[in-house]
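Asks: Predicted model and sequence follow; I will ask about them next.
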Amino acid sequence: MVRQFDSTGKGAINFEEFESMMKDRVLNEIVSADDNIQKYRDMFLEADLDYSGYLSVDELYSVMLK
C-alpha cells in the first residue's frame, strides 16, 4: 500500500502522500456510514406504523424480528 502512494520511491511516505492515501479511505467510510444511516432511518419509518415519530414496544418488537 505504501508503494502505491510513495512518489519518491524511498519506501516511506510523507504527510502529503499519507493525506492522499487516507482521503479515499475516509471518503469511502463516510459514504458507507451515510448508507447505513439511511437504511436504519428507512427501517424506523417502516416500523412506525402510526407515524408518531416514536416506536411503541410493539413496533420495536416487530422491527427487531426483521
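Replies: Happy to help now that I have it.
Asks: and the gap between the spatially most central residue of the chain and Leu60?
Replies: Nearest residue to the geometric centre of the chain (Cα atoms, centre = their mean): Ala33, 1.5 Å. Noted for Ala33: a distance of 23 Å to Leu60, by Cβ to Cβ, to the nearest Å. From N, CA and C alone the C-beta is placed, and that goes for glycine too.
Asks: same deal with Asp34?
Replies: Counting by Cβ to Cβ - Asp34 and Leu60 are separated by 24 Å.
Asks: repeat for Tyr51
Replies: Tyr51 is 15 Å from Leu60, by Cβ to Cβ.
Asks: ok, which stretches of the protein are helices?
Replies: 2-5, 15-47, 57-65 (DSSP state H).
Asks: Please work out the average pLDDT along the second one.
Replies: Within the predicted structure, the mean pLDDT of helix 15-47 is 84.
Asks: Compare Asp34 and Leu60 (neighbour count), which wins?
Replies: A count of neighbours by other Cβ atoms under 10 Å puts Leu60 above the other of Asp34 and Leu60, at 14 against 10.
Asks: For Gln38, the count of nearby residues, please.
Replies: The number of residues near Gln38, taken as other Cβ under 10 Å, comes to 10.
Asks: again, but for Lys66
Replies: If we define neighbours as other Cβ under 10 Å, then Lys66 has 7 of them.
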